[in-house]
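In: with the sequence up front, the predicted model follows.
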Amino acid sequence: MLVNKYHKITKEEIEKIKKVSSKNVRNEDILVEEETLFCFNKLKKFIKAKENITIGIEGAFRSIEEQEKILDELTNTYGKEYSKKYVAMPKTSEHHTALAIDFVIEHDGKYPKDNDEIMKDKDIYEKLHKYLSNFGFILRYPKGKEKITKYNYEPWHIRYVGKSAKEIEEKNLTLEEYYIKKNSGILLVNKEKDMTSRDVVNIVSKTLGIKKVGHTGTLDPLATGLLVITIGDATKIGELLITSDKEYIAQFKLGVLTDTLDITGNILKTKEIKKHIDINQVLKYFTKTYMQEVPIFSAVKIKGKKLYEYARENKKIDLPKKEVTIKKLELLEEKDNTYKIKCLVSKGTYIRSLIRDIGEYLNTYATMTSLERISQNKLNLKDAYKVDEIKNNKFKIIPIKDALNIKKITIKDNLLFKVKNGAKINLNEEEKVLFLDQYNNPIAIYEGDGRAWKVFS
């Protein structure tokens with residue numbers, strides 16, 4: 001669970017946390033998550049035996065109402081700027097989870113009462129920090145990571161994370177950094193009509209509280225279906241996710257031409273269709289490799305400018321062509337010069353352009369009326385989540401190692417050090433390889449250049 005300024009906790013989530021009663025150093029009743037309290041007591045006992053230092057809990061769980069009260073009190077006492085640095089806004093405080101503990105150090109039976117007093121024990125705290133991960137705790141707001149956590153260094157604020165503590169400590173990560181790495185992967189989204197691909201990216205980013213989110217294979221607002229969202233470190237592998245074929249179900253109408261090549265555009269030309277058309281013969285003809293002209297309403301750049309910008313300015317420009325392969329076309333439905341087809345095509349194919357070309361071949365016009373992407377790079381629409389499911393956190397992210405259809409090799413010691421530093425290595429492999437560390441985390445993708453293996457991503 002990650003709770004911070006950008007990732008709020010809900011009342012429903014707070015209610016689900018199993019909390020137990022205890023006493024703090026001032027003999028006040030407090031609540032702590034059950035396993036967290038058990039492990040803290042073990043930590044406390046160990047530190048007393050090892051260092052002859054007594055520690056105790058000053059604060060733990062806070063309700064949203066208590067957080068509001070603390071914020072008001074500190075703002076009234078120290079001012080708004082001070083409270084911003086040390087106190088979280090309601091619903092953004094880790095103390096709502098009951099997994100966070102503020103601990104203090106005893107001196108002659110007494111405990112410090114405020115942050116200024118606590119900071120006098122800074123050196124002692126830093127001495128004790130090395131024991132935290134053995135009991136499942138991390139220092140939540142470490143020194144030097146303020147730009148990431150958005151809080152000043154707090155040597156007293158620890159957070160229970162369980163077994164992950166060791167990895168977080170060894171890699172010198174904040175919980176935010178660890179969270180992003182653990183959530184790095186791809187999310188399959190069933191995009192709805194009238195949404196842009198960027199709209200979906202923004203929704204995923206807001207839901208996860210992660211800014212590093214992208215997508216592969218743009219879908220126009222008219223189009224629906226599979227949109228592959230890349231999250232965290234997976235934004236680096238987008239190229240590998242769009243190299244394979246894509247499959248669509250498209251519908252088009254003969255006798256109509258629009259400026260965008262789909263039904264959302266302005267109608268440019270129409271033509272009456274009088275004779276019956278053997279569409280199966282046409283689809284057979286277009287099952288081939290050919291040079292396809294890119295539609296002017298597209299994001300392809302010419303002279304540093306996107307084609308749709310030229311279109312909107314009514315500027316004429318020679319449209320580029322690129323080689324595409326139409327691997328399979330299947331007629332699904334036919335009615336009143338409107339056809340529904342299933343298309344298996346190579347990367348970079350514009351279905352709008354294919355439909356335009358079909359119209360030209362028939363000496364008429366053709367415009368796409370709907371488009372649904374059903375697969376991409378062996379990723380399928382049936383495994384995708386609707387936007388409402390994502391907003392309600394009902395989804396699963398596919399880890400990078402599972403999303404990539406390449407060989408995986410776990411490495412350690414000297415080879416791990418070399419790969420982490422991007423060094424060239426010798427490897428008896430023919431294809432790209434994804435290297436994993438002992439925790440099963442992706443480290444880098446390597447590929448051969450004929451002589452040695454080097455970093456791909």
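Out: Sure, I can see it. Residues are numbered from 1 along each chain as shown.

In: where exactly do the strands run in the stretch 101-250 of the chain?
Out: 137-139, 157-160, 185-191, 213-216, 224-231, 246-254 (DSSP state E, counting those that start in this stretch).

In: quick one: strands adjacent to the shortest one?
Out: It refers to strand 137-139. Strand 137-139 has its sheet partners listed here by DSSP bridges as strand 157-160 (antiparallel).

In: how far is the strand it pairs with from where the chain is centred?
Out: 25 Å (C-alpha atoms, centre = their mean, to the nearest Å).

In: and for stretch 106-116?
Out: With C-alpha atoms, centre = their mean, you get 43 Å for stretch 106-116.

In: same question for stretch 231-239.
Out: 9 Å.

In: measure that stretch end to end?
Out: Using C-alpha to C-alpha, to the nearest Å, one end of stretch 231-239 lies 14 Å from the other.

In: who touches that stretch?
Out: Residues outside stretch 231-239 that contact it (C-beta atoms under 8 Å, 6 or more residues apart in numbering): 180-181, 183-187, 204, 208, 210, 212-216, 230, 397, 400, 403-404, 442, 445, 457. Heads up, the C-betas are built off the backbone N, CA and C, glycines and all.

In: could you do stretch 3-21 as well?
Out: 1, 29-34, 37, 61, 63-64, 88-89, 91-94, 96-99, 149-150, 176, 208-209.

In: before we move on, back to that, can you put the strands of the stretch 101-250 of the chain in JSON lines and add mean pLDDT and mean neighbour count?
Out: Formatted as JSON lines, the strands of the stretch 101-250 of the chain follow (pLDDT from 0 to 100; neighbours: other C-beta atoms under 10 Å):
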{"stretch": "strand 137-139", "mean pLDDT": "97", "mean neighbour count": "25"}
{"stretch": "strand 157-160", "mean pLDDT": "96", "mean neighbour count": "24"}
{"stretch": "strand 185-191", "mean pLDDT": "96", "mean neighbour count": "24"}
{"stretch": "strand 213-216", "mean pLDDT": "93", "mean neighbour count": "20"}
{"stretch": "strand 224-231", "mean pLDDT": "96", "mean neighbour count": "24"}
{"stretch": "strand 246-254", "mean pLDDT": "97", "mean neighbour count": "21"}
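
In: figure out which of these is closest to Gly348.
Out: Nearest to Gly348 among these is strand 246-254 (9.3 Å), distances taken as C-beta to C-beta.

In: skip the chain neighbours and tell me the closest residue to Lys418.
Out: Nearest non-adjacent residue to Lys418, counting by C-beta to C-beta, 6 or more residues apart in numbering: Ile425, 5.8 Å away.

In: kindly state the beta-bridge partners for the one you found.
Out: Trp453.

In: dump the residue contacts of the residue nearest to Asp121 when sequence neighbours are not counted.
Out: Distance criterion C-beta to C-beta, 6+ apart; nearest residue to Asp121, sequence neighbours excluded, is Ile105 at 4.9 Å. Listed by C-beta under 8 Å, 6+ apart, the contact partners of Ile105 are Ile53, Thr54, Ile55, Tyr111, Pro112, Asp121, Ile124, Tyr125.

In: same question for Gly59.
Out: Applying C-beta under 8 Å, 6+ apart, the residues near Gly59 are Asn24, Ile30, His95, Ile101, Asp102.

In: hmm, Ile148 is touching Tyr178, no?
Out: No. With contacts defined as C-beta atoms under 8 Å, Ile148 does not count as touching Tyr178, sitting 10.8 Å away.

In: which residues are in contact with both of the two?
Out: Contacts common to Ile148 and Tyr178, judged by C-beta under 8 Å, 6+ apart, are absent.

In: low-scoring stretches of the chain, by residue?
Out: 429-430, 449-452, 457 (pLDDT under 70).

In: buried sites along stretch 112-128?
Out: Buried residues in stretch 112-128, counting neighbours by 16 or more other C-beta atoms under 10 Å, are found at Pro112, Ile118, Asp121, Tyr125, Leu128.

In: dump these to JSON lines, plus distance to Leu307.
Out: Putting the buried residues of stretch 112-128 into JSON lines (distance: C-beta to C-beta, whole Å) gives the following:
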{"residue": "Pro112", "distance to Leu307": "65"}
{"residue": "Ile118", "distance to Leu307": "61"}
{"residue": "Asp121", "distance to Leu307": "64"}
{"residue": "Tyr125", "distance to Leu307": "59"}
{"residue": "Leu128", "distance to Leu307": "61"}
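
In: in the sheet, who's paired with the spatially most central residue of the chain?
Out: Geometric centre of the chain, nearest residue: Ile231, 2.3 Å, by C-alpha atoms, centre = their mean. As for beta bridges, Ile231 partners with Gly185, Val213 under DSSP bridges.

In: next SSE downstream of the helix or strand harbouring Ile341?
Out: Taking DSSP states H and E as the criterion, Ile341 maps to strand 338-345. Per DSSP H and E, the first helix or strand lying C-terminal to strand 338-345 is helix 351-361.

In: packing partners of the helix or strand just after that next one?
Out: Counting by DSSP H and E, the next helix or strand C-terminal to helix 351-361 is strand 366-376. Here strand 366-376 touches strand 224-231, strand 246-254, strand 256-258, helix 351-361, going by 3 or more C-beta pairs under 8 Å, 6 or more residues apart in numbering; DSSP states H and E.

In: Pro295 is nearest to which of these?
Out: Across the helices and strands packed on strand 366-376, closest to Pro295 is helix 351-361 (C-beta to C-beta), at 5.4 Å.

In: can you pull the buried residues of that closest one?
Out: Ile351, Arg352, Ser353, Leu354, Ile355, Arg356, Asp357, Ile358, Gly359.

In: give the contact list for the fourth one.
Out: I take that to be Leu354. Neighbouring residues of Leu354 by C-beta under 8 Å, 6+ apart: Phe286, Gln292, Ile326, Cys343, Val345.
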